[in-house]
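> Got a predicted structure here, sequence first:
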Amino acid sequence: MSINNVRVRFAPSPTGPLHIGGVRTALYNYLFARKHGGTMILRVEDTDETRFVEGAQEYIIDAFKWCGIEFDESPEKGGNYGPYIQSQRKDIYSEYAEKLVESGNAYYAFDTAEELTKFRSEAEANKETFTYSSANRKSLNNSENIGIEAAKERIANGEVYVLRFKTPENEELVMHDIVRGEVRVQTSTLDDKVLFKSSGMPTYHLANIIDDHLMEISHVIRGEEWLPSMPLHIMLYRAFGWNAPEFAHLPLLLKPTGNGKLSKRDGDKLGFPVFPTQWINPEGEKSMGYREEGYFADAFINMLALLGWNAGTEQEIFSMEELIEAFSLERVNKSGARFDPEKAKWFNHQYMINNSDEFIAEEFAKILDNKGISYKNLPLAKIVSLVKDRANFTNDIYDQSYFFFETPTEYDAKTVKKRWKEDAPIMMADLKTILQNVQDFSSENTETVVKAWIEAKELPMGKVMNAFRLSIVGAGKGPHMFDIISIIGKDETLLRLQNAIDNIKR
């Protein structure tokens, strides 16, 4: 299906780090825009001044760069529909807010926080719920009760007020959501939301609608938590006389148990990140990030894409280009998607084994540098090729390959007890003599020579090779033995054999 003039946006609030649920929302917007040759916009919604967190906006921009999600218009890039930070658009909102009053779709309200608290408490005492709505608005402290002229006079005298939306009475709203189909709501169940404050700042609802209209947003693709706001937003578009964009509300990301929305607490408890990159709050507290935990950005994106969407095939590994080609909002699930930390590791493992050895070696070299480990003259790409199928992360490669870089000084006690028999020192001394005389120390040649010696001497193959591995590695693990000794070289191999003969005690 071809859709023309697609313009979508991701509009985070700089109130903290970017949750992976937010990344997924941005990703689906991005895939949809790219699929239809459209435009992807980043708009920072910072109208909630009380919750603003220093550094959050910079964090969000950096996280998206790591993820590979590119914006066509943003605070950094600019564009023809800017500014792209809501606090810089402040003057725009008051003009539109007044238009709603003039058209009879909004009204001034002067109720204080204390008065509203009192109403709520009285309602609770009667086992009822207080809502500011069409049912009671004409008996409360607002222009619907006192009249518009009296309200304007109070405003001119500096009285604090808010602007509330005048929700239509007794109407059934019939709306369409791309993911959920038809949605019906009775307006009598809705309250009159605050749209504008006397501080000069709009609430999320008003600013969001005005900005989406002025930026010509064609599709609003956002999280399920915004579904209850859809009726208000549809009514605001109608009140302004504007065409509404199409809406698609995405399913929640659920805890690994499937019970409830995924939160930072779940990650802290089970030891996995819920943010794309490490977040350090203004107090210096650190929260884990997928980047710093060793995930590849493309594996992270691949994993997120399949949490709530599927291509209708058995395919699980997708490049960004393949995701763009396959993506459609019609294949987004209605029900929540359970996050599985082990599946996330599985995705990273797939990218580990499918990435080139040279690429992984470059990343591994950074880890060795940080550890202060010398790898001069060692073929890192070859080492990576031997062990990466046992690793989920680049960090794991060292745990699987440390013996290439360090001569064993200790020997695994369980392996010694099981594999180092009484005749092991004599066999290793003979093996050392055999290897001393080998000129071509390639894996293929040493394997041929050693196996010929074992057969000629009628030695138990397993017995010899287990003792050999213990001598070279210090434990009963590692890749093909002859690949190992070809990399560490003849001198190091002979040294390790002698060390084992001298130092391993049963």
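That came in fine, so what should we check first?

> Pull up the distance across stretch 415-424, start to finish.
13 Å (CA to CA, to the nearest Å).

> Please apply the same query to stretch 141-161.
First residue to last in stretch 141-161 (CA to CA) measures 10 Å.

> Need the contact partners of that stretch.
By CB atoms under 8 Å, 6 or more residues apart in numbering, the surrounding residues in contact with stretch 141-161 are 101, 107-112, 115, 137-139, 164, 166, 198. (Glycine included, C-beta is placed from N, CA and C.)

> Please apply the same query to stretch 221-236.
8, 21-22, 25, 28-29, 32, 165, 167-168, 173, 175, 177, 180, 183, 185, 187, 190, 193, 205-206, 208-209, 220, 244, 247-252, 329, 336.

> Stretch 105-121 too?
Contact partners of stretch 105-121, identified using CB under 8 Å, 6+ apart, comprise 97, 100-101, 130, 132, 137, 140-144, 148, 151-152, 154-155, 159-166, 194-196, 239.

> Just the buried ones among the residues you listed, please.
97, 100-101, 130, 132, 137, 140-144, 151, 154, 161-166, 194-196, 239 (16 or more other CB atoms under 10 Å).

> Filter those residues down to the ones in strands?
Counting by DSSP state E, the part of these found in strands is V162, L163, R164, F165, V194, L195, F196.

> want to throw the residues you listed into TSV with distance to G289 and pLDDT?
What follows is those, written out as TSV (distance: CB to CB, whole Å; pLDDT from 0 to 100):
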residue	distance to G289	pLDDT
V162	38	96
L163	40	97
R164	41	98
F165	39	98
V194	35	97
L195	36	96
F196	37	94
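
> what's the most distant pair in those residues?
V162 and F165 (10.5 Å; CB to CB).

> Could you tell me which residues touch both of these two?
Common neighbours of V162 and F165 (CB under 8 Å, 6+ apart) are L195.

> Would you mind measuring from N392 to A381?
19 Å (CB to CB, to the nearest Å).

> I should have written L431 there, sorry.
To A381, L431 is 29 Å away according to CB to CB.

> Over to N80?
47 Å.

> Who has more neighbours out of these two?
Taking neighbours as other CB atoms under 10 Å, N80 and A381 compare with A381 leading, 14 against 7.

> Test my guess that the more buried one contacts D357.
Yes: between A381 and D357 there is a contact under CB atoms under 8 Å: 4.2 Å.

> what sits in contact with each of the two?
Common contact partners of A381 and D357 (CB under 8 Å, 6+ apart): none.

> Could you export the contacts of stretch 141-161 as a markdown table, including distance to Q315?
Listed next are these as a markdown table, based on distance: CB to CB, whole Å:
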| residue | distance to Q315 |
| --- | --- |
| V101 | 54 |
| Y107 | 54 |
| Y108 | 56 |
| A109 | 54 |
| F110 | 59 |
| D111 | 56 |
| T112 | 58 |
| E115 | 59 |
| R137 | 54 |
| K138 | 59 |
| S139 | 60 |
| R164 | 50 |
| K166 | 50 |
| S198 | 55 |
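
> Where neighbours are concerned, which of these has the most?
Busiest of the contacts of stretch 141-161 [other CB under 10 Å] is R164, holding 25 neighbours.

> Identify the bridge partners of that residue.
Y107, V194 (DSSP bridges).

> who does the residue lying closest to F71 once chain neighbours are set aside bridge with?
Nearest non-adjacent residue to F71, counting by CB to CB, 6 or more residues apart in numbering: L42, 4.3 Å away. Assessed by DSSP bridges, L42 has beta-bridge partners F10.

> burial measure for L42, as a count.
By other CB under 10 Å, 25 other residues sit near L42.

> residues in contact with it?
R9, F10, A11, I61, F64, F71, E73, S74, P75, Y84.

> Leaving aside the residues adjacent along the chain, what's closest to the first one?
What it means is R9. I41 (4.0 Å).

> That neighbour contacts G79, doesn't it?
Yes: in terms of CB under 8 Å, I41 counts as a neighbour of G79; the distance is 7.3 Å.

> so what sits against both of the two?
By CB under 8 Å, 6+ apart, the residues touching both I41 and G79 are D72, E73.

> higher neighbour count, these two?
I41 (26 against 16).

> For that one, give its distance to F32.
From I41 to F32 the distance is 12 Å (CB to CB).

> got any residues that touch both of these two?
What both I41 and F32 touch, as defined by CB under 8 Å, 6+ apart, is the set V8.

> any chance you could map the helices in the stretch 1-150 of the chain?
Counting by DSSP state H, counting those that start in this stretch, one finds helices in the stretch 1-150 of the chain at the ranges 20-35, 56-67, 90-102, 113-125, 143-146, 148-156.

> ranking these by burial, who's on top?
helix 20-35 (a mean of 24; mean count of other CB atoms under 10 Å).

> can you give me the strands in this structure?
7-10, 39-42, 106-109, 162-165, 172-177, 181-186, 194-197, 219-223, 246-250, 253-254, 279-280, 286-287, 337-338.
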